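Q: Pasting the sequence and the predicted model now:
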Amino acid sequence: MIAPLATLLTHAAGPDRARAGAPPRGCADPAAAQLSADLVAVAAGDRQAFARLFAHFAPRVKAYMLKLGMPAQRAEDLAQDTLLSVWRKASLYDPAKAEAATWVFTIARNLRIDALRRERHPEVSDDELLEHEDDRPPADELLDGDRRARRLRGALAALTPEQAEVVRLSFFADLAHPAIAERLDVPLGTVKSRLRLAMAKIRKALGDDDR
């Protein structure tokens with residue numbers, strides 16, 4: 001039986017894990033340091049750290065996509081794909097080479113380029129998005145991060161079992177939508193619908209409906 005997603009996110013990490021997710025002392029930019037520390041912790045499977053990163057970056061990546069002209073639903077999908085990639089690729093992050101925000105938004109930028117190319121826009125290049133680098137939200141906008149993470153966990157706990165299951169399989173089991181549909185023996189459209197409804201509830205809980 002699949003454990004509730006909220007349990008996975010709120011499970012105590014233990015004192016050693018908690019220290020691993022703390023920012024370095026004396027850092028000139030504590031907000032950026034906390035994001036980097038959380039990203040390093042995610043590489044070790046820390047779901048609480050991922051909840052904080054999700055609460056911080058998901059609305060900002062969506063806003064970034066909207067600012068670049070993506071339709072609202074497409075922006076939401078790309079934000080979701082970005083955070084899924086963060087979970088899967090966190091082990092590749094090197095805090096000595098880049099801040100967490102730079103790394104995350106590089107993933108977002110590349111996913112947008114790939115999406116546009118799949119939609120037969122071969123003229124889109126890295127240079128096209130480099131023009132918008134100044135639009136990227138700065139890392140020091142980590143406002144009320146802990147409060148938002150708590151609200152995220154509350155939103156996850158309020159999901160229906162079906163919605164929580166597809167979120168868990170997508171974000172934590174690293175399954176693509178077709179694989180989730182096959183595992184649950186439901187149509188692909190049902191998986192996408194459940195995931196979108198779940199994301200809508202999460203955005204509402206985080207106060208991001210206006211984005």
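A: Structure received. Predicted model, so just to flag it, every value in this text is computed and none were measured.
Q: C-terminal to the biggest helix by length in the chain, what's the next element?
A: Identified as the longest helix of the chain according to DSSP state H is helix 47-67. Going down the chain from helix 47-67, the next helix or strand is helix 72-89, by DSSP states H and E.
Q: other SSEs contacting that next one?
A: helix 30-43, helix 47-67, helix 100-118, helix 161-171, helix 188-206 (3 or more Cβ pairs under 8 Å, 6 or more residues apart in numbering; DSSP states H and E). Just so you know, the C-beta spots here come from the backbone N, C-alpha and C atoms, and that holds for glycine as well.
Q: just to revisit the earlier point, output the longest helix of the chain in PDB, but only the C-alpha positions, please.
A: C-alpha atoms of helix 47-67 as PDB (Å, rounded to 0.1, in the frame of the first residue of the first chain):
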ATOM      1  CA  ARG A  47      11.600  15.400   1.000                       C
ATOM      2  CA  GLN A  48      11.300  18.300   3.500                       C
ATOM      3  CA  ALA A  49      14.000  20.200   1.600                       C
ATOM      4  CA  PHE A  50      12.200  19.400  -1.600                       C
ATOM      5  CA  ALA A  51       9.000  20.800  -0.200                       C
ATOM      6  CA  ARG A  52      10.800  24.100   0.600                       C
ATOM      7  CA  LEU A  53      12.300  24.200  -2.900                       C
ATOM      8  CA  PHE A  54       8.900  23.500  -4.400                       C
ATOM      9  CA  ALA A  55       7.200  26.200  -2.400                       C
ATOM     10  CA  HIS A  56       9.800  28.700  -3.400                       C
ATOM     11  CA  PHE A  57      10.500  27.900  -7.100                       C
ATOM     12  CA  ALA A  58       7.300  26.500  -8.500                       C
ATOM     13  CA  PRO A  59       5.400  29.800  -8.600                       C
ATOM     14  CA  ARG A  60       8.500  31.700  -9.600                       C
ATOM     15  CA  VAL A  61       9.200  29.400 -12.500                       C
ATOM     16  CA  LYS A  62       5.600  29.600 -13.600                       C
ATOM     17  CA  ALA A  63       5.700  33.400 -13.500                       C
ATOM     18  CA  TYR A  64       9.000  33.400 -15.400                       C
ATOM     19  CA  MET A  65       7.300  31.300 -18.200                       C
ATOM     20  CA  LEU A  66       4.300  33.600 -18.300                       C
ATOM     21  CA  LYS A  67       6.600  36.600 -18.600                       C
END
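Q: how near is residue 39 to residue 84?
A: Distance, residue 39 to residue 84, by Cβ to Cβ, to the nearest Å: 14 Å.
Q: between these two, which one's more packed in?
A: Each of residue 39 and residue 84 has its neighbours counted (other Cβ atoms under 10 Å); residue 39 has more, 27 against 18.
Q: shaky segments in the protein?
A: In the predicted model, the chain carries pLDDT under 70 at residues 1-29, 120-150, 172-174, 206-211.
Q: Residue 83 and residue 61 touch, don't they?
A: Yes: between residue 83 and residue 61 there is a contact under Cβ atoms under 8 Å: 7.4 Å.
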